[in-house]
Each structure stands twice: as structure tokens, then as C-alpha cells.
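**Student:** Got a predicted structure here, sequence first:
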Amino acid sequence: MPEAEISIVTIEAMDGLSISIVVLFIGMFLNRHVRILGDNYIPPAVTGGLLFSLGAALLYSYGDIQLDFEMRFRDLLLLVFFSTVGLSAKLSVLLRGGKALLMLIGISALFLIVQDLVGVAVATLSGYHPGYGLMAGSISFAGGHGTAIAWGAEAEAAGLSEASMLGVIFATLGLVAGGLLGGPIARWLILHNEIESPGPRSLMSWLVSSGSDTGGAEADGRDRLFNLLTTLLILSVCVSVGDVVNRFLFAQGVLLPGFLTAMGVAIVITNLMDVARRPIHEGVVEGFAEVSLNVFLSMSMISLQLWLLANAAGLVLFVLFLQILVMGFFAVFVVFRYMGRNYDAVVIAAGFAGLGLGATPVAIANMDAVTTRYGPSPKAFLVVPLIGAFFIDILNASVIKFFIAIITGWVGFE
């Protein structure tokens, strides 16, 4: 019998936004009522989003219908979120995080090397070209979908015909695994190391607070509407000016992700306003951060094409298992230890798990799930996004090039 033709159903941007919010509510409900999810701080966007993507995969497999989401809102939310990260980056905090940032850069470089060693070793011992091992290493896991697609095209040009598909499969698996691993790691570290935490504080508490403890902005008599509109204006400026800066740098031959320039503009704005003694209302910024992050991650999860995993052999799952073990070891015995063995180190370890297996938003979601339960960690929310937004890509490109140079027989890959 001929294969059934797949019908593609396009979900418009506004419809996708609505679905992603409903999925978030479902994830929040499940996290509250399924103890293992709540106890391990699984981000609600991962819980609900994974359930939805499983349903979409069944619809594809048995109904011959493929859901295709229009993602321009998701891309905008990513810019908004990293702008909120920049608005929280005070110069004084940046200076305090300098040593930790340098230490985490070194740890990240070592981790990327180990991640690629695992992938190349398994591919070689299994009789596959070692180039496929790199697709099962830092190209797809730490690099994510974009890096996997880019390097996959290069690998296919060199004769590795299934490189792109393999890269997308591992990037998808890594996105899910990174969101599921960070919370349990944080919980284990807290329970086994007698970690003292600041105490829980909801990022959305500003919505219901009386305003007596929100700092100078409320003391000046500004109401919530004024604070909301002011912060929204600043965020829109960060996104707009960041885009102008990004296009200027592109014209000069400097390629940077758009969210990095938006975050840079936000860092400049928040420190200038501090100098002018007009600080931005931190509670409102935190609210925008939590909403934009969770909706972004939810939209990313519902758009996962899990049916691509149907053709994944047992070897693929074995590699995933090994990479999860490597990540768990690094997070517990390297990141936690060398970042100070304190509460900040716990949150950084949870974020690193999401960063090394999935992507920067997954890392932030992991840290947000932990800090919502145990209290804020400004150091973690500064250091991990900087690693994910800038340094990890530079380090990864260097490590990939190094492995390509020493893999014999990989003619023309570069």
C-alpha cells in the first residue's frame, strides 16, 4: 500500500501563543498534583509542552497530520527575556561575578571536550564514521538545533548523508533531557549538602504586593500601571535598539545573535539609570522575565517534531544515556564544587544541565524552577546566561574545529 500523504496544518502566531499559554497552565496543574514533577522542579513548560508534543506526534503517526507553528512571537519573547536579564545586570553584580564567570568558562570548555569524546568514541566503536560522533556530541547537545543544522549541512557535503537528521534528533532529545535533569540535580545537591537558601520568593509577587517593599520606585508614589508601562517601554527600546546594533555589526562583518545585542543594550540602560538614581522597578522586570521565559519555552516545546525520533535506533538512546551521565557527573562533582558548594552553585549546576544538553532558555527555566522554590540567586542568573549567550558558542566552535582536525579521513568537512 502506498504511504498516506501528510497533511500540514499551519498554526498562526496568535493561535500558537494561545495554545502555548494553555499548555503552560496544564504543566502548572500537573506539577502541583503529580508529586514527582513538583518535587524535582520540572519547569511547567517542559511538563505541559512534552505532553502536547507527544500528542502531536501521535496525530502525525496515526492521523497523517503535521502541525506547523508560526514562531515569530516566540522569537520576540526570546529577545524580551534576554532584555530582562540585561536589566538585572548591575555593574556591581557583574564585578562580583567575574571570578565565577571565568571559572565556568573553563568548566564549559572541558565539558564540551568530554561531550565530543563520548560521541566520537561510541560512533567509532560501533563502526560508524567518527563525524557522526560529533553530531552526537557538542554540535547537537550544547549547540542546539541551529548549530546541528548548520554543521549537519557541512557534514552532508562531506559525505555523511544522515548528519542533519541525526543532529536534529539529538538536539530534540537534549532539549527534553536538559529540562528534566536540572531540577533533580538541584534537589539532590540541596538535600545531601545541607545547603542554606534565601527562602522562597515568587517572581510574580509584585502583582499582589502592597508595594511597601518594592524599593524607590514605589516610594516615589508611582502606581503599578506606571511601572508596567515604563518597563514595557524600556524593553521595547532594548529590542529595537538591539536590532539596530545587530544590523550595524552584521554590516561590519561581526555576527552576533540578536538576543545578545538586546541584552547588551539593556545592561547599558539599567546601569545608566542607576547612575541617574532612577532605578528600574525590579519586581516588574522579574514579572516580564518569568512570563516571557515560560511562554517562549512552552512555544518551543509544542513545536518539537518528536516523530523524527521514531527512526532512532537503540544506539541513539544509548548515546543519550551516556551524555546524561556525563552531564550529571559534571554538574554534581565539577560545577557545584568549583562554583563554591553553596546555594548559588546549586542553581548554577541546575542551569548548566539545561545549557549543556539543551539550550540557554532551558537553563534559565531550570534555575527559575529552583529559585521559585528556594529563593533568588542573582549570581546564577548573571553567569549562566552570559555563558549561554556568548561564550558557549565560541568555545563550541573551537572544540568542534579541534576534533575535525584530528579525525582522519574526514576530507572536505571544513
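**Tutor:** Looks like it came in fine.

**Student:** quick one, strands of the stretch 1-150 of the chain?
**Tutor:** Applying DSSP state E, counting those that start in this stretch to the stretch 1-150 of the chain gives strands spanning 7-11, 65-69.

**Student:** in its sheet, what does the first one sit against?
**Tutor:** Meaning strand 7-11. Applying DSSP bridges, strand 7-11 is found paired with strand 65-69 (parallel).

**Student:** Tell me which residues of the partner strand come out buried.
**Tutor:** 66-67, 69 (16 or more other C-beta atoms under 10 Å). C-betas here are computed from N, CA, C, even on glycine.

**Student:** any chance of the strands of the stretch 1-150 of the chain in a markdown table, plus mean pLDDT and distance to L78?
**Tutor:** Putting the strands of the stretch 1-150 of the chain into a markdown table (pLDDT from 0 to 100; distance: least, C-beta to C-beta, whole Å) gives the following:
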| stretch | mean pLDDT | distance to L78 |
| --- | --- | --- |
| strand 7-11 | 89 | 18 |
| strand 65-69 | 89 | 15 |
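
**Student:** would a markdown table of those strands with distance to V347 be doable?
**Tutor:** A markdown table is the format used below for the strands of the stretch 1-150 of the chain (distance: least, C-beta to C-beta, whole Å):
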| stretch | distance to V347 |
| --- | --- |
| strand 7-11 | 34 |
| strand 65-69 | 31 |
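
**Student:** still on that earlier bit, which of the buried residues of strand 65-69 sits closest to Y41?
**Tutor:** Nearest to Y41 among these: F69, at 26.7 Å, using C-beta to C-beta.

**Student:** and the closest one, bridged to which residues?
**Tutor:** The partner residues for F69, given DSSP bridges, come to I11.

**Student:** Which SSE is immediately downstream of the lowest-mean-pLDDT helix or strand in the chain?
**Tutor:** Using mean pLDDT, DSSP states H and E, the weakest-scoring helix or strand in the chain turns out to be helix 216-219, at a mean of 44. For helix 216-219, the following helix or strand on the C-terminal side (DSSP states H and E) is helix 224-251.

**Student:** From the contact counts, what lies against that following helix?
**Tutor:** helix 72-87, helix 258-275, helix 282-302 (3 or more C-beta pairs under 8 Å, 6 or more residues apart in numbering; DSSP states H and E).

**Student:** Let's see that with 10 Å instead.
**Tutor:** helix 72-87, helix 216-219, helix 258-275, helix 282-302 (3 or more C-beta pairs under 10 Å, 6 or more residues apart in numbering; DSSP states H and E).

**Student:** And it, what's buried?
**Tutor:** Under the neighbour-count criterion of 16+ other C-beta under 10 Å, helix 224-251 has 224, 227, 230-231, 234-235, 238-239, 241-242, 245-246 buried.

**Student:** Below-threshold pLDDT in the stretch 251-400 of the chain: ranges please.
**Tutor:** Scanning the stretch 251-400 of the chain for pLDDT under 70 picks out the ranges 255-257, 308-313, 389-390.

**Student:** Helices of that one, residue ranges please.
**Tutor:** Along the stretch 251-400 of the chain, counting by DSSP state H, counting those that start in this stretch, helices occupy 258-275, 282-302, 314-329, 336-338, 343-357, 360-374, 378-386, 392-406.

**Student:** These: which one's closest to V118?
**Tutor:** Nearest to V118, of those and by C-beta to C-beta, is helix 314-329 at 5.3 Å.

**Student:** rewinding a little: any chance of the buried residues of helix 224-251 in JSON lines, plus pLDDT and distance to S83?
**Tutor:** Formatted as JSON lines, the buried residues of helix 224-251 follow (pLDDT from 0 to 100; distance: C-beta to C-beta, whole Å):
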{"residue": "R224", "pLDDT": "77", "distance to S83": "20"}
{"residue": "N227", "pLDDT": "83", "distance to S83": "16"}
{"residue": "T230", "pLDDT": "88", "distance to S83": "14"}
{"residue": "T231", "pLDDT": "89", "distance to S83": "10"}
{"residue": "I234", "pLDDT": "93", "distance to S83": "8"}
{"residue": "L235", "pLDDT": "94", "distance to S83": "5"}
{"residue": "C238", "pLDDT": "93", "distance to S83": "4"}
{"residue": "V239", "pLDDT": "93", "distance to S83": "6"}
{"residue": "V241", "pLDDT": "94", "distance to S83": "10"}
{"residue": "G242", "pLDDT": "91", "distance to S83": "7"}
{"residue": "V245", "pLDDT": "91", "distance to S83": "13"}
{"residue": "N246", "pLDDT": "87", "distance to S83": "13"}
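
**Student:** from these, which is closest to V285?
**Tutor:** Relative to V285, and with distances defined as C-beta to C-beta, the nearest of the buried residues of helix 224-251 is T231, at 5.9 Å.

**Student:** my read: G258 touches C238, true?
**Tutor:** No. Using C-beta atoms under 10 Å, G258 makes no contact with C238, being 11.1 Å away.
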